[in-house]
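J.: Could you work out the structure for the sequence below:
(2 chains)
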Amino acid sequence: MLLGTSSTASSRADRAPRTGLRRTLLCAALAATVALPLAVTGCGNDDSSDPDKPVELTVMWWGGEKRAGLTEEVLDLYTQKHPDVTFKKTWQSYQGYYEKLATLIAGNSAPDIFQIDDNYLTEYATKGVTLDLGEYKDSGKLDVSTFPESLWKYGEVKGKLSALALAENTQCLVYNKTALENAGQPEPKTGQSWEEHIAWAKAAGEATGLPGTMDPSADYKAFWLWLRDQGKDLYKGDELGFTADDVTAWFELWKGARDSGATPTSDVIHEGNSSSVTTQLVVTGKALTSWVWCNQLPELAKNTKDALGAIAYPGDPSGQWARASMYFAGSKSTKHKDTVIDVLNFVVNDPEAGEILGTERGLPSNLDIRKKIADTVTDANMKASIEIENELGKTFGDPPAVPIKGHSNVRSELVKAAEKVQFGQASPAKAAEEYIAAAKAAINK
Amino acid sequence: MAMTTASVSKRHPSPSAGATAKRRRPQRGPRREGLAGYIFLSPWLLGLMGITAAPMLISLYLSFTDYGVLTGIGEAEWVGLDNYKRMLTEDPAYWHSVIVTIKFALISVPLKLSAALAVAMLLNRDRIGIGLYRGLFYLPSLLGGSVGLAIVWVNIFNREGAFNAVLDIFGLPTRPWINEPGTALWTLIVLAIWQFGSPMVIFLAGLKQIPGELYEAASVDGAGKMRKFFHVTIPMLSPVIFFNLVMEIIKAFEGFTGAFVVSGGTGGPVDSTLMYTLYLYIKAFTDFEMGYASAMAWIFLVTLGIITVLLFNSGKFWVHYSDEGDG
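T.: Prediction:
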């Protein structure tokens, strides 16, 4: 009885809203086909015509509280100097950040300025989401003349400057100095080969009673540097730069390390793979080393009582390059292009802003600011991370191109494949073969 | 008012004006009531159309396109059945997620319902303070699919977690339950079983409905506890069991929060917690394959629909409604 009434009611009821539904669909189609190109094309030098008109820009980034504080301070400083420009600031942790950003963009409410890294830059740039910064660089409105050339160029996707490097960073192998000293073990050295590193880890592990080195076989950045050490690369043009044989060799290398007891057990490795900066194994005392980014050293040090050291990843250190740790990108659909550019320029080139931001995101892109900060920094760990990066910077090789579209999937598939080997669910060769198939599917989708 | 009348008579042209005048009066009441009904319904109707129906239809459309979130819907290209084809024939992770989800549902639902029924029977007696116990047993379900609970779960079943500490006391072997592909899904199953409160409450209500005479009659006929349970309780409770079964199966298939939190959004270790909805989410928001994810969602919806219909049909054979006459 009840069912009967409700069904007739609804069948009668949806006659009226059906036009509403059609309109919703139409609106969606309109929004997609009309509004987007409009937003994309219909906003040239709008705000230059009326410079006194108040402007509010939305800025979005990921990071911890410290980064939020510093970034907010810098943006407030800009407002202080340009009272007509205010900011709506949103920030959150890395997990979920890209999901939210993508959803905002899909809903035509992209933030005017957003933080991005090389994992997704190509994806966003090739889909025409990011503002082309090239012309502003050429006109000098966006000044990158004090940047290392390879650094700002690491923001180029297919020849278009798509994002502005906020800071420079490179890979660092961070190790537990205290534990090594206590056991009378030598510290690892930059320039050791991968095999030498594993042998060191085995010996150090036995002496300290801690697993010698985190197994980085699931870590794309370690795999990438290992490939570069073999004269290959992660990507070659729009294709993978490696074969199943390379992956097999990489997995075999670490299988050997695990079998010899140089690494933690599989479940601890999984923990290391899935943890954030503050719970890396070198911090939680579950391994002597962790494979991280150099700018993370101060954050790591904060979470452990032990003294930490940092070196380059194994292999020829010239495989490492000046990587932009993070970028700021402008949204192509912003209504205030000129203001966006001016803010970007301010964030990286204003000495005061540079001083506030320090090395939280990595070494400042602007070399003048970088020098000034290096001279004045007092925090010991920050000083150490600057020194290491400067040291490594001397041997930097040619940077690879920014990772291609589908890269985030290539990364997550590597974790899957490596863990299959670690948990003994697949042989290195089989996992490698599956990985190649999955990675190819990811970049060709 | 005049306008309403005019439009009414326009829509229903009557053979004679006199007849209309006569009929109009009794008609006006229900019609106005209907209108009022729709007005009161409108928040829900608008919600249904705007928030459920329209997005669903758009997602149906998107499932035939390569829509990728970052580009506009208008730029998405029609790819026909490609997404469906790729999903069903070329994506091993898809089938893996199907298997994980079915395994999760097949194991967790019967265990959860058994636990719910067992506790409901324990609580179905008049003792002092029974209300408190009922409340306490219901408590985990109030926390529901909360993220906080899943985080607690991670800490309980970690290598250093409380569960291992307990095992250790008894000298039992400890394991990193959450971090091993062999056991990670089981921690989620346990989490699901533990939240048996809502089916328990429904069972409790059902148990209270069973007339005491039936048990008395059974006792007179010499039935023991087991016999009473299988021949009185279960048949009398079957409509409630059926209801709980349907609800819990749907819930199990939709399980997302636990898997997402426990695996950090990856479905790991080695895809062992890659539930269907989690894989759908990853496809949509990390891989930017919204078209593909939409296709997944539709297959999911249709499959759930089919399972529910099958369950309803199976009900004929085992669900017993006492008002059907044959006692």
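J.: Just say helix, strand or coil for A:Gln60.
T.: That one is not Gln; residue A:60 is Met. strand (DSSP: H, G, I helix; E, B strand; the rest coil).
J.: what's the neighbour count on B:Pro110?
T.: If you count neighbours by other C-beta atoms under 10 Å in any protein chain shown, B:Pro110 ends up with 13. C-beta: built from backbone N, CA, C; applies to glycine.
J.: Now do it against chain A, distance only.
T.: According to C-beta to the nearest C-beta, to the nearest Å, B:Pro110 and chain A sit 28 Å apart.
J.: so how far is B:Ala116 from that residue?
T.: Using C-beta to C-beta, to the nearest Å, one gets 11 Å for the distance from B:Pro110 to B:Ala116.
J.: A:Val144 now?
T.: A:Val144 is 64 Å from B:Ala116, by C-beta to C-beta.
J.: so B:Ser59 sits right up against B:Ala297, yeah?
T.: Yes. Using C-beta atoms under 8 Å, B:Ser59 makes contact with B:Ala297 at a distance of 6.1 Å.
J.: quick one, which of the two is more surrounded?
T.: Neighbour count, other C-beta under 10 Å: between B:Ser59 and B:Ala297, B:Ala297 has more, with 21 against 18.
J.: which bits of the stretch 301-445 of chain A sit near chain B?
T.: Counting by C-beta under 8 Å from any C-beta of the partner chain, the stretch 301-445 of chain A comes close to chain B at A:408-409, A:412, A:415-416, A:419-420, A:423, A:425, A:434, A:438, A:441-442, A:445.
J.: In PyMOL, select just the buried ones from these.
T.: Of those, the buried ones can be selected in PyMOL as follows, counting by 16 or more other C-beta atoms under 10 Å in any protein chain shown:
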select buried, chain A and resi 408+409+412+415+416+419+420+423+425+434+438+441+442
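J.: which sections of the chain are below the confidence cut-off?
T.: All of this refers to chain A. A:1-52, A:275 (pLDDT under 70).
J.: meant chain B actually
T.: Within chain B, the stretches with pLDDT under 70 are B:1-30, B:144-145, B:322-327.
J.: Residue of it nearest chain A, please.
T.: For chain B, the residue closest to chain A is B:Gly74, as judged by C-beta to the nearest C-beta, at 3.3 Å.
J.: At the geometric centre of the chain, which residue do we find?
T.: You didn't pick a chain, so chain A it is. Nearest to the geometric centre of chain A sits A:Asp117, at 3.9 Å (C-alpha atoms, centre = their mean).
J.: Actually, chain B is the one I wanted.
T.: B:Lys251 (2.9 Å).
J.: host element of that one?
T.: Take DSSP states H and E as the rule and B:Lys251 turns out to sit in helix B:234-253.
J.: Could you export that helix as PDB, keeping only the C-alpha atoms?
T.: Taking C-alpha atoms only, helix B:234-253 is exported to PDB below (Å, rounded to 0.1, in the frame of the first residue of the first chain):
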ATOM      1  CA  ILE B 234      15.000 -18.600  13.100                       C
ATOM      2  CA  PRO B 235      11.800 -19.000  11.100                       C
ATOM      3  CA  MET B 236      10.000 -16.300  13.100                       C
ATOM      4  CA  LEU B 237      12.900 -14.000  12.700                       C
ATOM      5  CA  SER B 238      13.500 -14.700   9.000                       C
ATOM      6  CA  PRO B 239      12.000 -11.400   7.800                       C
ATOM      7  CA  VAL B 240      14.300  -9.500  10.100                       C
ATOM      8  CA  ILE B 241      17.300 -11.600   9.100                       C
ATOM      9  CA  PHE B 242      16.400 -10.900   5.500                       C
ATOM     10  CA  PHE B 243      16.200  -7.200   6.000                       C
ATOM     11  CA  ASN B 244      19.500  -7.200   7.800                       C
ATOM     12  CA  LEU B 245      21.100  -9.300   5.200                       C
ATOM     13  CA  VAL B 246      20.100  -7.000   2.400                       C
ATOM     14  CA  MET B 247      21.200  -3.900   4.200                       C
ATOM     15  CA  GLU B 248      24.500  -5.300   5.400                       C
ATOM     16  CA  ILE B 249      25.500  -6.700   2.000                       C
ATOM     17  CA  ILE B 250      24.900  -3.400   0.400                       C
ATOM     18  CA  LYS B 251      26.900  -1.700   3.200                       C
ATOM     19  CA  ALA B 252      29.700  -4.200   2.900                       C
ATOM     20  CA  PHE B 253      30.000  -3.600  -0.800                       C
END
